[in-house]
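Asker: fold the following, please.
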Amino acid sequence: MAYVVGLNSGSSLDSVDAVLLDMEMDREGWPRLNRVVAYQEFPWPEVVHGQVLRAINLDMSIDEFCRLNFVVGATFARHVLELLSTSGVQPQQVAVIGVDGQTIYQEPPEPERWQGNEWVDPVSALLDKRLGATLQIGEGAVIAALTGIRTVTHFRPADMALGGTGAPIEQFLDYVHYRHQAPLITLNIGGIANIHAIHPDRGKIMAFDTGPGNILMDRLAQEYFGVPYDRDGTIARKGHVQAKVLEFLLDHPFLKRKPPRSAWREDFSEAYLREVLSRFPTVPKEDMMATFAEFTVRAIVLALQQVPFLDDVRYLVGNGGGVLNAYLRERLESLLPPSLTFALSDAFGIPAKANEAAKFGTLGYAHIMGVPGNIPHASGAKTETILGKLHNPPSIDWKGEGK
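Answerer: You can find the predicted model right below:
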């Protein structure tokens, strides 16, 4: 048995989620999650939150950005120690921290433009964006130094260096956790929504972003209703879906991309929200909220139809903050095929809001155990590889005494 810590902060920036896991290797050589020991959500310090938003909006000088990388690492370390303190676990009992970092920017690969020489001349392929790129902050050396725990960070780049999308990245956790119940599909609704179609045959696994999750609804809630998000879909429930708006939304170019596909803030950005609102200025904001919710749900349903073995799937397992939106769930369940039962991941041993942090803890554990963490058929990568960058803690403590 090993204690493992996982951390996550997604595109919505609503909190830093921290989870303490009890893990071990199973007889088949895969990480096994025995139980979720503890889970906590920590609000971003206001000043740090504002700086991260500036970085995402590319509104920051290089010296500020450099400093922020270390500040975010220190913030993550603080929350790890707080989680362990409330759990009664000492840092020396923890095998590894897994944290991807806060994603600042991501460009998915464009395989439809590949010319066959991407790895012969990767400089050109990267310059003209045929191969993707990604950037996360939260310096792992700072986390390891401040906690005294081995830390694995930045899981996406290794997959993207092999031509993969790097996102979504939940499929490894889902394969090791659900493979004996597969075929099965998981659904994560964060800022962006994604599905992971898990099959006992790893060569059939799919994972791709479906479209917006909470991102458009959250922005509308913050700007026009003065609340962080539409809790339980209360605002959306008061509105009516506007058919013309929904038709425009469903014509989004992202939905025409073939899997594997990865979305980022630019696809459903502040500028996109402004375009929608300016195109339909007379639509009541409650109706717009209901229509954005419907857009999220319809995009998920369209994505499910792209899974070849959908007819063999019994469960759609939901996680992420968006699945706790009662209105969103009602709309989704009303549109699912009768053969597909929606259930929260809680029923399978992982609290819905803890799942994203758990995936990074699992990837961190896989790294130190030498297990490849990507699934090429799901991401489009050329081959399997161990994901993440390892940061060892200092060999002496702060008093200079050898460990």
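
Asker: would you list the phi and psi of the nearest residue to residue 56 once chain neighbours are set aside?
Answerer: Ranked by CB to CB, 6 or more residues apart in numbering and with sequence neighbours excluded, the top spatial neighbour of residue 56 is residue 104, at 5.6 Å. Every residue, glycine included, has its C-beta placed from N, CA and C. Backbone torsions of residue 104, given as degrees, to the nearest 10, read phi -100, psi -40.

Asker: need the strands for the stretch 301-403 of the chain, in chain order.
Answerer: Using DSSP state E, counting those that start in this stretch, the strands of the stretch 301-403 of the chain run over 315-319, 341-344, 389-391.

Asker: check which helices and strands the last one is in contact with.
Answerer: What it means is strand 389-391. Contact partners of strand 389-391 among helices and strands, from 3 or more CB pairs under 8 Å, 6 or more residues apart in numbering; DSSP states H and E: helix 140-147, strand 151-153.

Asker: can you say which of the ones you listed is packed in most?
Answerer: With neighbours taken as mean count of other CB atoms under 10 Å, those reach their highest mean count in strand 151-153, at a mean of 29.

Asker: avg pLDDT for whatever helix or strand comes next after that strand?
Answerer: The first helix or strand that comes after strand 151-153 along the chain, using DSSP states H and E, is helix 156-160. Average pLDDT, helix 156-160: 97.

Asker: and helix 156-160, what does it pack onto?
Answerer: strand 133-137.

Asker: who does the strand it packs on pair up with?
Answerer: strand 102-107 (antiparallel) (DSSP bridges).

Asker: then the helix or strand following the partner strand to CSV, C-alphas only?
Answerer: Moving toward the C-terminus from strand 102-107, the next helix or strand (DSSP H and E) is helix 122-127. Extracted as CSV, the C-alpha positions of helix 122-127 are listed here (Å, rounded to 0.1, in the frame of the first residue of the first chain):
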residue,chain,number,x,y,z
PRO,A,122,10.0,18.1,-36.2
VAL,A,123,11.1,21.7,-36.0
SER,A,124,9.1,22.5,-39.1
ALA,A,125,6.1,20.4,-37.9
LEU,A,126,6.1,22.3,-34.6
LEU,A,127,6.5,25.7,-36.2
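
Asker: now helix 122-127: buried residues?
Answerer: 125, 126 (16 or more other CB atoms under 10 Å).

Asker: mean confidence for it?
Answerer: 97.

Asker: same check on stretch 345-353?
Answerer: On average, stretch 345-353 scores 96.

Asker: please identify the most buried of the strands of the stretch 301-403 of the chain.
Answerer: strand 315-319 (a mean of 24).

Asker: ok, residues contacting that strand?
Answerer: By CB atoms under 8 Å, 6 or more residues apart in numbering, the surrounding residues in contact with strand 315-319 are 178, 181, 184-189, 304, 329, 336, 340-345, 347-348, 350, 352-353, 355-356.

Asker: again, only using 7 Å
Answerer: Strand 315-319 is contacted from outside by 184-188, 336, 340-345, 348, 350, 352, 355, using CB atoms under 7 Å, 6 or more residues apart in numbering.

Asker: nearest to residue 121, of the residues you listed?
Answerer: residue 188 (35.6 Å; CB to CB).

Asker: report how many residues lie close to that closest one.
Answerer: Neighbour count for residue 188, taken as other CB atoms under 10 Å: 29.

Asker: so what's the residue count around the residue nearest to residue 39 when sequence neighbours are not counted?
Answerer: For residue 39, ignoring the flanking residues on the chain, the nearest one in space by CB to CB, 6+ apart is residue 354 at 4.1 Å. Residue 354 sits with 25 neighbouring residues when counted by other CB under 10 Å.

Asker: possible to save the strands of the stretch 301-403 of the chain as CSV with distance to residue 380?
Answerer: Shown next, in CSV, are those (distance: least, CB to CB, whole Å):
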stretch, distance to residue 380
strand 315-319, 23
strand 341-344, 28
strand 389-391, 22
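
Asker: who wins for proximity to residue 72 among those?
Answerer: That would be, of the strands of the stretch 301-403 of the chain and by CB to CB, strand 389-391, which comes in at 14.1 Å.

Asker: starting from that closest one, tell me which strands it pairs with and how they run.
Answerer: strand 151-153 (antiparallel).

Asker: CA-only coordinates of stretch 165-174 in PDB, if you can.
Answerer: Presented in PDB, the C-alpha positions along stretch 165-174 are these (Å, rounded to 0.1, in the frame of the first residue of the first chain):
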ATOM      1  CA  THR A 165      -3.400  15.400 -28.100                       C
ATOM      2  CA  GLY A 166      -2.200  15.400 -24.500                       C
ATOM      3  CA  ALA A 167      -5.800  16.100 -23.500                       C
ATOM      4  CA  PRO A 168      -8.100  14.700 -22.200                       C
ATOM      5  CA  ILE A 169      -5.800  12.600 -20.000                       C
ATOM      6  CA  GLU A 170      -8.200  10.800 -17.800                       C
ATOM      7  CA  GLN A 171      -8.300   7.600 -19.800                       C
ATOM      8  CA  PHE A 172      -5.400   6.000 -17.900                       C
ATOM      9  CA  LEU A 173      -7.100   6.200 -14.600                       C
ATOM     10  CA  ASP A 174     -10.400   5.000 -16.200                       C
END
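
Asker: for it, give me every contacting residue.
Answerer: Contacts for stretch 165-174 (CB under 7 Å, 6+ apart): 106, 108-109, 132, 134, 155-157, 159-160, 186, 188, 194, 196, 198, 205, 207-209, 260-262, 358-359, 362-363, 366, 373-375, 378-380.

Asker: would you state the helices of the chain in chain order?
Answerer: For the chain, the helices defined by DSSP state H cover 46-56, 62-87, 122-127, 140-147, 156-160, 171-178, 215-224, 234-238, 243-249, 270-279, 285-304, 326-335, 355-368, 376-379.

Asker: wait, which of these is closest to residue 18?
Answerer: Closest to residue 18 of the helices of the chain is helix 62-87 (CB to CB; 4.4 Å).

Asker: just to revisit the earlier point, redo the helices of the chain as CSV? Include distance to residue 14.
Answerer: Below are these laid out as CSV (distance: least, CB to CB, whole Å):
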stretch, distance to residue 14
helix 46-56, 10
helix 62-87, 14
helix 122-127, 32
helix 140-147, 21
helix 156-160, 21
helix 171-178, 21
helix 215-224, 8
helix 234-238, 17
helix 243-249, 23
helix 270-279, 16
helix 285-304, 16
helix 326-335, 16
helix 355-368, 11
helix 376-379, 26
